[in-house]
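In: Dropping the sequence and predicted coords here.
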Amino acid sequence: MAGVPQDSDDFRMVCPPVNKEDGRLPRKYTDEGQGTKCRMSPPIEWYNVPEGTKSLALVVEDIDAPDPNSPIVPWTIWVVAHIPPTLKGLPEEFSGKSQELGGEYENIVEGNNDDKVPGWRVPTMPSHGHRIEFRLYALDDEVHLGKTVTKERLQDAIQGHVIGEAAMIAVF
């Protein structure tokens, strides 16, 4: 289930606050809770980063987002690149604070979400039950993304460099 570490050697990720019974992302990380005021990103942890990883990248999407012109078009909530493979996760409220945290966090880049601003942004949901997919990529090289980082630019840049993927689903 989402949020529960498994006893395995597989590359995997978890979001500890996600409810272990139903996979729910707590309201404080959404536009309905405390998160609406401070854009609070949840803590994320990962385990067993593949050998040879030079960098990690994260994409978080609402994979059930409706679009007036199409039945379902994923909504990008968060794009994070240049994560050092020595890190074991991102702390709660990381979004917007990489410079403040300094150290290994300093060179991490947050890309634009579908609100066209960098950082964590859960969209206003017309209904509950949407699946939020967290996907972490282990890369064999540093990617060059230019000035404006987007999910599309990241996905283009990582082609041929992904040596492992870890994913989890939370429900909003």
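Out: Perfect, I can see it now.

In: Tell me the first helix or strand C-terminal of whichever helix or strand Gly111 is part of.
Out: Taking DSSP states H and E as the criterion, Gly111 maps to strand 109-111. For strand 109-111, the following helix or strand on the C-terminal side (DSSP H and E) is strand 131-139.

In: Pull the number of nearby residues for Arg27.
Out: Neighbours of Arg27 under the rule other CB atoms under 10 Å: 14. Heads up, the C-betas are built off the backbone N, CA and C, glycines and all.

In: Pull out the buried positions in the biggest helix by length in the chain.
Out: Assignment by DSSP state H gives helix 151-158 as the longest helix of the chain. Buried residues in helix 151-158, defined by neighbour count with 16 or more other CB atoms under 10 Å: Lys151, Arg153, Leu154, Ala157, Ile158.

In: and if you look at stretch 164-172?
Out: Quick answer for stretch 164-172 (16+ other CB under 10 Å): Gly164, Ala166, Met168, Ile169, Ala170, Val171, Phe172.

In: Repeat that for stretch 54-65.
Out: Going by 16+ other CB under 10 Å, stretch 54-65 has these buried residues: Ser55, Leu56, Ala57, Leu58, Val59, Val60, Glu61, Asp62, Asp64, Ala65.
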